[in-house]
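S.K.: please work out how this folds:
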Amino acid sequence: FANEELSKLGFDVVTIDGSVDRSTARATVGGRAGLQGNYDPRELIPDDEGSKTPETVRQTAKEMLEALGPQRLIANLGEGLGGKESTELVQAFVDAIHEESEAMIAASAKS
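M.R.: Sure, this is the predicted structure:
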């Protein structure tokens with residue numbers, strides 16, 4: 001797992017893909033580097049069951065923020081967009097990241 005070594009080389013940001021455990025990644029790089037990634041783009045692709053909604057996207061985005069922390073994070077997709085994603089769900093992701101991270105940062109400032 002090279003992220004620890006990369007974080008010690010002075011890089012500002014280490015990118016993590018969908019295969020990397022989020023909590024482990026944050027614990028490994030600590031405050032030495034920011035992280036970029038690793039939201040699962042499959043959460044943004046509608047399915048036949050209708051299980052992908054703006055609400056499910058908000059919840060999974062919040063889970064990512066809880067694991068990686070809302071600061072020193074470039075929240076984006078672990079593997080990028082593939083063209084099958086719903087624009088509504090992509091917008092829900094962007095909105096959730098902004099709103100949930102602001103709420104988390106404000107809450108930590110009060111502590």
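S.K.: check contacts around Asp40.
M.R.: Asp40 makes contacts with 18, 60, 77-78, as judged by Cβ atoms under 8 Å, 6 or more residues apart in numbering. (C-beta placed from N, C-alpha, C; glycine too.)
S.K.: now the helices for this protein?
M.R.: Counting by DSSP state H, the segments of the chain that form helices are 3-8, 22-29, 54-68, 87-110.
S.K.: between those helices, which one is closest to Glu43.
M.R.: Nearest to Glu43 among the helices of the chain is helix 54-68 (5.1 Å), distances taken as Cβ to Cβ.
S.K.: which other residues reach that closest one?
M.R.: 22-23, 25-26, 35, 38-40, 43-44, 73, 75, 88-89, 92-93, 95-97, 100-101, 104.
S.K.: picking that back up, narrow the contacts of Asp40 to those that are buried.
M.R.: Neighbour counting over those (16 or more other Cβ atoms under 10 Å) leaves 60, 77-78 as the buried ones.
S.K.: picking that back up, among the contacts of Asp40, show me the least confident.
M.R.: Least confident of the contacts of Asp40 in the model: Gly78, at 79.
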